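Engineer: next comes the sequence, and after it the predicted model I'd like to discuss.
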Amino acid sequence: MNNWGVVIVLYNPDLGQLEKTVRQIHRQTDSIALVNNGSALTATVDNVVAYELGRNVGIASAQNYGVERLRETSPDLKYVFFLDQDSQVPSGYFEQMLATWHEVANKTPQLRALSPKITRRKESGNYSTLIFDQKGLRKQNLDFREQPLILNTLPISSGLMVSLEAFQAVGGLSENWFIDWVDFDFDLKLLTRGYQIATTGRASIIHEIGTPERRNFFGKKIAVTNYVLFREFYTARNGMYLIRKYGKKGNGIAKYSWGQIGRRFLMLIYEPKKIRRLATLIRGLLVGLVTSFD
């Protein structure tokens, strides 16, 4: 039996795309946990029965739940991959990630998480990479042809391969955070504990963050993500949580977090329900200032 498995959190997915992804994973492992946060599925997905949670408990709680179910069904489990329901995984992805892990781990014994290159679905190019090291937190556009591996990264969870031992050591994902910034909180929990995270250009997935629409802002193109309304609250609240929890652990965290929150306010210009969105963002900021982030 393989010592790795895959967790995919669902929320009203495109079943056709999901079926293709699960069928491809099934060729390599039977350790698959589909955790459904949305309406109950009426059919199996490539003969995999989803775990029905009955309501939206948030991506953090659902991913933790998926890891626990994999542990129950796969006693040899050592590594877990996280995928979003709409991420497209090319053939050979898991083999390349596993091979890269073992190669990097020989030189970097503290490696506990590995992420792929994230390629945009609707636009050319790759997403930029967040790096957190002695210089602080910064965003960088990498040419993976010149630099196939980068250490000290803060990747999103989709495509992430993580050591089960480290996942348990840091307490998994912070369920109180629900959604948004959850993956960065998890990354920083690993890094501030002395573990290492790497991003490789040797493996890639196709992914889209939100449903972005390019709009013109004084001659500069900005990506309007068109989030559903409730995510405005978690973007603002959890951004404040990130600042309060990690702001003193390295330069750039507060600046980056405020920048992302500021972008949400800027996007009000282009999105509907402006007054409700503004009120939701402000409420998130206030709640993030006075409530516990643990």
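Structural biologist: Here it is on my side, so go on. Numbering: from 1, shown residues only.
Engineer: domain ranges for the protein?
Structural biologist: Domain assignment for the chain by automatic domain parsing gives 4-207, 213-290.
Engineer: so for the first one, mean pLDDT?
Structural biologist: Just to be clear, that refers to domain 4-207. The predicted model gives domain 4-207 an average pLDDT of 92.
Engineer: how distant is that domain from the center of its chain?
Structural biologist: Here the centre of domain 4-207 is set off from its chain's centre by 7 Å, with Cα atoms, centre = their mean, to the nearest Å.
Engineer: one more: the shortest one?
Structural biologist: Average the C-alpha atoms of domain 213-290, do the same for its chain, and the two points are 17 Å apart (Cα atoms, centre = their mean).
Engineer: show me where this protein has its strands.
Structural biologist: Counting by DSSP state E, the chain has strands at residues 4-10, 32-36, 51-52, 79-84, 111-120, 129-133, 136-140, 149-151, 161-163, 196-207, 213-217, 220-224.
Engineer: out of those, the one nearest residue 95 is which?
Structural biologist: Of all the strands of the chain, it is strand 196-207 that lies closest to residue 95, at 8.9 Å by Cβ to Cβ. Using the backbone N, CA and C atoms, a C-beta is placed for each residue, glycine as well.
Engineer: which residues of this protein fall in helices?
Structural biologist: Residue ranges of the helices in the chain, as given by DSSP state H, are 15-26, 59-73, 93-107, 164-169, 182-192, 230-246, 253-267, 274-290.
Engineer: what would the domains of the chain look like in JSON lines with mean neighbour count?
Structural biologist: JSON lines is the format used below for the domains of the chain (neighbours: other Cβ atoms under 10 Å):
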{"stretch": "domain 4-207", "mean neighbour count": "18"}
{"stretch": "domain 213-290", "mean neighbour count": "16"}
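Engineer: identify the residues contacting the residue nearest to residue 147 when sequence neighbours are not counted.
Structural biologist: Of all residues not flanking residue 147 in the chain, residue 201 sits nearest, at 7.3 Å (Cβ to Cβ, 6 or more residues apart in numbering). Contacts for residue 201 (Cβ atoms under 8 Å, 6 or more residues apart in numbering) come out as 117, 142, 144-145, 147-149.
Engineer: tabulate those residues (TSV), appending distance to residue 289.
Structural biologist: Converted to TSV, the contacts of residue 201 look like this (distance: Cβ to Cβ, whole Å):
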residue	distance to residue 289
117	36
142	34
144	39
145	44
147	38
148	41
149	38
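Engineer: widest-spaced pair of the residues you listed?
Structural biologist: Across the contacts of residue 201, the longest distance by Cβ to Cβ is 12.0 Å; it joins 145 and 149.
Engineer: excluding its backbone neighbours, what's nearest residue 238?
Structural biologist: In space, residue 238 is closest to residue 181, 3.8 Å off (Cβ to Cβ, 6+ apart).
Engineer: ok, now which ones touch that neighbour?
Structural biologist: Applying Cβ under 8 Å, 6+ apart to residue 181 gives the contacts 234-235, 238-239, 241-242.
Engineer: try 7 Å
Structural biologist: With contacts defined as Cβ atoms under 7 Å, 6 or more residues apart in numbering, residue 181 is in contact with 238-239, 241-242.
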